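1. Here is a sequence together with a model predicted from it:
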Amino acid sequence: MVKFLDLKAINEQYQVEISDAINSVLNSGWYIKGSAVSSFENNFAKYCGTKHCIGVANGLDALILIFRALIIQDKLQEGDEVIVPANTYIASILALTENKLKPILVEPDPVTFNLNLEGIRSKLTSNTKAILSVHLYGQLAEDVSGFCKEHDLLLIEDAAQAHGAKNKEGKKAGNFGIAAGFSFYPGKNLGALGDAGAVTTNDKDLAELIQQLGNYGSEKKYHNSLQGLNSRLDEMQAAILDVKLKYLDKEIIKRREAATYYQQNIENPKIKLPQWDSEVKDHVFHLYVIRCTERDQLQQYLNDKGIQTVIHYPIPPHKQEAFSEWNQLSYPLTEQIHDEVLSLPLSPIISREEQDQVVKALNSY
Ligand SMILES: *Cc1c(COP(=O)(O)O)cnc(C)c1O
């Protein structure tokens with residue numbers, strides 16, 4: 001059996017250190033807003049190359065808090081249009097609707113599946129005030145920061161799948177816009193043992209505001225100057241993340257090696273491989289996603305051979321029941337992507353033998 005992602009085995013690599021971290025939080029008697037959270041915030045900011053990092057409860061909250069803060073700062077207003085890729089995970093969209101902003105869905109680039117300038121231009125209106133760019137599958141989206149400056153648009157990154165992804169100048173996800181949302185959901189490249197997330201930004205005022213909003217809108221305990229929410233990273237998850245952050249770069253290298261091995265060995269005209277340009281940027285391979293017009297049959301075929309795969313994602317946001325007002329809209333490329341994509345087993349601990357099994361099965365399909 002080749003597992004899609006063996007989280008238990010991934011975390012067991014660090015069992016001793018993780019147990020020590022948990023014990024030290026347990027013994028500290030301090031479980032919220034303590035030294036483990038500030039240590040991780042400092043280390044993750046340093047890792048991303050940003051001035052600030054604010055730990056929050058999860059990736060969705062990270063994005064919600066960014067937009068909430070921008071509205072409080074009067075940089076955005078309810079009803080403003082925000083361009084977002086139509087093929088993203090639902091969380092990107094919910095961060096907007098939660099703040100009464102208007103998501104403008106845009107078809108992605110057919111090669112990278114990320115937003116590109118052409119798509120942005122096609123939906124730009126005088127009501128467009130921001131762009132939420134998603135670094136899907138761990139590949140940096142086209143850098144549109146220059147375009148945003150020129151058109152007076154805010155750029156926000158959904159970096160939930162892209163910890164450590166960088167361009168050739170070494171600029172990492174989290175630095176391209178005014179702020180970025182990260183997720184540490186267990187299956188992400190940097191995963192907690194539960195829910196966790198963070199915002200990174202180079203803007204001090206925004207950092208302070210988001211910190212305050214995520215802690216009931218209070219600057220000082222029991223003094224609430226804003227109507228905030230409770231979205232805090234807890235000490236336990238922060239301590240665990242601090243351990244795992246030390247190994248993130250090594251794990252990214254292993255993911256990239258595994259992806260390259262698939263790329264060099266899968267040969268089947270029915271299967272389209274992902275494309276990336278390693279001369280231009282460092283993909284971190286949260287997911288290795290192939291395409292096949294007979295995707296469901298292929299998935300069944302692999303399953304029969306003991307190979308677990310996952311579809312990211314089976315239904316695009318505009319076809320979801322939760323957004324029935326968009327169900328009639330047509331996004332042919334996005335719909336085709338959702339019909340054809342299949343994510344292969346990939347992790348820092350996948351063995352060559354397991355990969356060979358996957359390759360052999362795919363080549364014999
Ligand atoms: C995982 C993910 C999120 C949300 O993160 P949670 O921690 O699950 O709330 C947001 N956007 C994208 C692209 C994601 O993959």
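-> Perfect, thanks for sending it.

2. Can you give me the pLDDT of the closest residue to G214 other than its chain neighbours?
-> Leaving aside its sequence neighbours, G214 sits nearest to S231 (Cβ to Cβ, 6 or more residues apart in numbering; 4.3 Å). Backbone N, C-alpha and C define where each C-beta goes, glycine included. Looking at S231, its pLDDT reads 98.

3. Please name every helix or strand in contact with the helix or strand containing L63.
-> Following DSSP states H and E, one finds L63 within helix 59-72. Packing contacts for helix 59-72, counted by 3 or more Cβ pairs under 8 Å, 6 or more residues apart in numbering; DSSP states H and E, involve strand 52-56, helix 90-97, strand 154-158, strand 179-183, strand 197-201, helix 204-213.

4. Now do N175: how many residues are near it, please.
-> Neighbours of N175 under the rule other Cβ atoms under 10 Å: 20.

5. what kind of secondary structure is it in?
-> Of the three states, N175 takes coil according to DSSP: H, G, I helix; E, B strand; the rest coil.

6. returning to what we had before: how about residues contacting whatever helix or strand comes next after the helix holding L63?
-> Tracing the chain C-terminally past helix 59-72 and defining elements by DSSP H and E, one meets strand 81-85 next. Residues outside strand 81-85 that contact it (Cβ atoms under 8 Å, 6 or more residues apart in numbering) are 67, 76, 92-93, 96, 101-108, 113-115, 119-120, 123-125, 127-134, 136.

7. List the ones among those residues that fall in strands.
-> If you go by DSSP state E, the contacts of strand 81-85 have K102, P103, I104, L105, V106, T128, K129, A130, I131, L132, S133, V134 in strands.

8. From those residues, pick the one nearest L154.
-> A130 (4.0 Å; Cβ to Cβ).

9. Residues of the stretch 1-150 of the chain that sit close to the ligand?
-> Contact residues (Cβ under 6 Å from any ligand atom) of the stretch 1-150 of the chain with the ligand: N58, G59, L60, T88, Y89, A91, S92, V134.

10. export these to JSON lines and tack on pLDDT and neighbour count?
-> As requested, these are exported to JSON lines (pLDDT from 0 to 100; neighbours: other Cβ atoms under 10 Å):
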{"residue": "N58", "pLDDT": "98", "neighbour count": "23"}
{"residue": "G59", "pLDDT": "98", "neighbour count": "27"}
{"residue": "L60", "pLDDT": "98", "neighbour count": "24"}
{"residue": "T88", "pLDDT": "98", "neighbour count": "27"}
{"residue": "Y89", "pLDDT": "97", "neighbour count": "19"}
{"residue": "A91", "pLDDT": "98", "neighbour count": "23"}
{"residue": "S92", "pLDDT": "98", "neighbour count": "24"}
{"residue": "V134", "pLDDT": "98", "neighbour count": "25"}
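
11. Out of those, flag the one nearest to T50.
-> Of those, the one sitting nearest to T50 (Cβ to Cβ) turns out to be G59, at 16.3 Å.

12. Relative to A91, how far out is the residue of the chain found nearest the ligand?
-> Using Cβ to the nearest ligand atom, the single residue of the chain nearest to the ligand is G59, 2.3 Å away. Separation of G59 from A91 (Cβ to Cβ, to the nearest Å) stands at 6 Å.

13. same deal with H151?
-> H151 is 26 Å from A91, where distance means Cβ to Cβ.

14. domains for this structure, by residue range?
-> Annotated domains of the chain cover 7-243, 248-364 [the TED database].

15. Could you single out the most deeply buried of the ones you listed?
-> Most buried of the domains of the chain by mean neighbour count (mean count of other Cβ atoms under 10 Å) is domain 7-243; its value is a mean of 20.

16. For that one, give the distance from the opening residue to the closing one.
-> Terminal residues of domain 7-243 lie 16 Å apart, using Cα to Cα, to the nearest Å.

17. Strands along the stretch 201-350 of the chain, start to end?
-> Here the stretch 201-350 of the chain has its strands, by DSSP state E, counting those that start in this stretch, at 218-220, 223-224, 281-282, 289-291, 341-343.

18. Save the ones you listed as JSON lines, and put in distance to the ligand and mean pLDDT too.
-> What follows is the strands of the stretch 201-350 of the chain, written out as JSON lines (distance: least, Cβ to the nearest ligand atom, whole Å; pLDDT from 0 to 100):
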{"stretch": "strand 218-220", "distance to the ligand": "23", "mean pLDDT": "88"}
{"stretch": "strand 223-224", "distance to the ligand": "25", "mean pLDDT": "90"}
{"stretch": "strand 281-282", "distance to the ligand": "17", "mean pLDDT": "92"}
{"stretch": "strand 289-291", "distance to the ligand": "13", "mean pLDDT": "98"}
{"stretch": "strand 341-343", "distance to the ligand": "12", "mean pLDDT": "98"}
